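Undergrad: 3D model of this:
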Amino acid sequence: MTSAVLEEALKKAALAWVSVGDGPALGLWCMPLDGSLIVVSGPGEQFAPDLAGATRATVRLRGDSGGLIVVSEMAVSRLAPGSDEWTEVAPQLAQKRLNASGTADEVVARWAESGCAVVRLTPSDQDTAVGAPDLPSESGVAPPRETPARVETRRPFRLHRVRRR
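TA: Now for the predicted structure:
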């Protein structure tokens, strides 16, 4: 049952929550391909610091209602630029990449030059997927991490005096 749920979730995935080791789960844009997920990260792309060098990752996928439906351990393999797998997968991924500057070929060339990591997340042969009713009962909510993108907001402007009651 869980493997069928995992297969269906993989087919429909556009966003996956991926964690490497004990690190936090990061929401990463992904492309489903042949029962696995393809993810790009690196300079100018999404931030996934330990994914390129990892061999295993924990992937959480959501269902049609937006809630968590399956958690699975997956094998991570990095696609090498210039390899047969790269020439087959990277252009497909570049075409699906929203808001990319340039054509798909230019994006693929930029990924190869800048050292971006294109990785394939493949479910392991052992059935390590966890689905309902075995999913964790806690929500997994965590406070926002510190980031330089946070800015202080000003108090709202008030044209007239506000009376206190």
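Undergrad: Buried ones in the longest helix along the chain, by neighbour count?
TA: The helix spanning the most residues in the chain, taking DSSP state H as the definition, is helix 84-96. Neighbour counts using 16 or more other CB atoms under 10 Å place Trp86, Val89, Ala90, Leu93, Ala94, Lys96 of helix 84-96 among the buried residues. All C-beta atoms are positioned from the backbone trio N, CA, C, and that covers glycine.
Undergrad: and what of stretch 95-109?
TA: Buried positions in stretch 95-109, judged by neighbour count with 16+ other CB under 10 Å: Lys96, Arg97, Ala104, Val107, Val108.
Undergrad: OK, contacts around the first one?
TA: Pointing back at Lys96 there. Residues counted as contacts of Lys96 (CB atoms under 8 Å, 6 or more residues apart in numbering) are Met31.
Undergrad: separation between it and Met31?
TA: To Met31, Lys96 is 5 Å away according to CB to CB, to the nearest Å.
Undergrad: returning to what we had before: a markdown table please, covering the buried residues of stretch 95-109 and showing distance to Thr147 and pLDDT.
TA: As requested, the buried residues of stretch 95-109 are exported to a markdown table (distance: CB to CB, whole Å; pLDDT from 0 to 100):
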| residue | distance to Thr147 | pLDDT |
| --- | --- | --- |
| Lys96 | 27 | 88 |
| Arg97 | 23 | 86 |
| Ala104 | 30 | 89 |
| Val107 | 26 | 91 |
| Val108 | 29 | 91 |
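Undergrad: Select, from these, the two members most distant in space.
TA: Comparing all pairs in the buried residues of stretch 95-109 by CB to CB, the longest separation belongs to Lys96 and Val108, at 12.2 Å.
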